[in-house]
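In: Please find the sequence and the predicted model below.
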Amino acid sequence: MAFFPDRSSLKTIWILSWPIILSNLSAPMLGAVDTAVIGHLPNPAYLGSVGIGAMIFSFLYWGFGFLRMGTSGYISQAVGAKDATRARTVIAQSFLLGGAIAILILLLHKILLSTALVIIEPSPAVQPGVVAYFDIRIWGAPAALANYTLIGYFVGSGKTKIALILQLILNFINIVLDLVFVVVLEMNIEGVALATVIAEYVAILFGFGFLFSSLKKSGGNWLVQKILSARDLGGLLLTNSDIFIRTVLLIFAFSYFTIAASRLGDIQLAAITVSMNFISFLAFGLDGFAHAAGIQVGKAIGSQNRSLLIQSVRASHMLALLVALGYTLLYALLGSSIIALLTDISEVRLLSESYLPWIVLAPLVAVWSYQFDGIFVGAMKTKEMRNAMILSFLFYFGAIYVLRDPFGAHGLWAAMMIFLAMRGITLWVVYGRVVGAADQN
């Protein structure tokens, strides 16, 4: 049937996807280890401190996710057009931009922390831990942003196994240091933050080694005049500003979920911190197929190959849906057991289990939002992504306003499902523009 992809496209998407899936899943695995290490300490405020601290860095770092997404999209199109010099220019400009942002973050980090604490309003029991976590982890900013560019390059060029290796190096070091600093040396929250910073710097050392080896093989030239061109840098900033707005709204939507829970009490906040590990596993797993679709869409547009684009999208949709069904089954069968592994605080565990119906539903609702995100990144249709996110966010906030007071935390979960669904719907409506780009480029 015409609706189904050909076997070659299914094979290609799978080959590109599985390293990204393993790489992405290792990130929430790290978050789960952080939660488990802190969650088995006697004070539930520690869980809240790590949850809020990590959320703050989601704003700081994920907001600049365009360093990964923009780099990936441009690189995949350069690969499709067989333009190695263009690929070098893109990655050099991305490093320059990331370095400037990292310097700005370090200069303003005290102001950023104060602002975050005013907005979030953590309880007196939680706030000291948040400050301790932030004051250490902030020094990893240059490495964290450089890693975004490295991952973007390797994903965009189809070298997804290298992206996997880098992520595994980072997470392995982080997990080992978590156990040493927290369990052995009893550094608690400070140990979790320090482990992350050290792991980030070690990972980029490996990343630069892989990068220079890859660039040597692919050829091309470093054109300093092109790299420093005000026109090209301005175009890059304009494109990335769309992704920035989109990403900030996305992170704010998820973060507000935690903020709202924190105002219901420390136990409620701890339960939300535990439950969000399920959403992290889901997001990063489904994102693997989205990245694979983006790689192929970028190549198709770069080479003006409409058939490749359509077949790749169909293949990624089919595989992603199958994986989403697998997530739903896994959460339905093992959700309670997973929660028990993450915390042994009875009140937190029971409250987390009450959210399982929402967690089981989430994969089938969210799958399309991740898929279309990847497709639009590959096509670099950033204005469409920005506008779709703005509309989805407005629906989400409206749902919170209507549902929060009468239904409490369950009203927040219902609003989150609406948000995930709207992200997919709003991009699906303008998907035809992506298909047209393969003809017009």
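Out: Cool, got the structure.

In: Now do residue 192: how many residues are near it, please.
Out: By other Cβ atoms under 10 Å, 29 other residues sit near residue 192. Backbone N, C-alpha and C define where each C-beta goes, glycine included.

In: what residues are up against it?
Out: Contacts were defined as Cβ atoms under 8 Å, 6 or more residues apart in numbering; by that measure residue 192 touches 34, 37, 38, 50, 133, 178, 181, 182.

In: Turn these into CSV, columns for secondary structure, pLDDT and neighbour count.
Out: Converted to CSV, the contacts of residue 192 look like this (DSSP: H, G, I helix; E, B strand; the rest coil; pLDDT from 0 to 100; neighbours: other Cβ atoms under 10 Å):
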residue, secondary structure, pLDDT, neighbour count
34, helix, 66, 26
37, helix, 70, 21
38, helix, 70, 27
50, helix, 74, 26
133, helix, 84, 26
178, helix, 80, 23
181, helix, 84, 20
182, helix, 75, 24
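
In: what would these look like in CSV with distance to residue 206?
Out: Output for the contacts of residue 192, formatted as CSV (distance: Cβ to Cβ, whole Å):
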residue, distance to residue 206
34, 22
37, 25
38, 28
50, 26
133, 25
178, 19
181, 21
182, 24
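
In: which one among the residues you listed gets closest to residue 112?
Out: Comparing these against residue 112 with Cβ to Cβ picks out residue 133 as the nearest, at 13.5 Å.

In: Quick check: the gap between that closest one and residue 266.
Out: Residue 133 sits 16 Å away from residue 266, going by Cβ to Cβ, to the nearest Å.

In: average pLDDT for stretch 334-343?
Out: Here stretch 334-343 scores 85 as its mean pLDDT.

In: check contacts around residue 55.
Out: Contacts of residue 55 (Cβ under 8 Å, 6+ apart): 120, 255, 258.

In: Mind telling me what element it is part of?
Out: helix 44-57 (DSSP states H and E).

In: show me where pLDDT drops low in the stretch 151-300 of the chain?
Out: The stretch 151-300 of the chain contains residues with pLDDT under 70 at 264.

In: Mind jotting down where the helices sit in it?
Out: Here the stretch 151-300 of the chain has its helices, by DSSP state H, counting those that start in this stretch, at 160-178, 188-218, 224-227, 230-262, 266-302.

In: Need these in a markdown table (columns: distance to residue 361).
Out: Converted to a markdown table, these look like this (distance: least, Cβ to Cβ, whole Å):
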| stretch | distance to residue 361 |
| --- | --- |
| helix 160-178 | 28 |
| helix 188-218 | 31 |
| helix 224-227 | 47 |
| helix 230-262 | 15 |
| helix 266-302 | 11 |
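
In: most tightly surrounded among the ones you listed?
Out: helix 266-302 (a mean of 26; mean count of other Cβ atoms under 10 Å).
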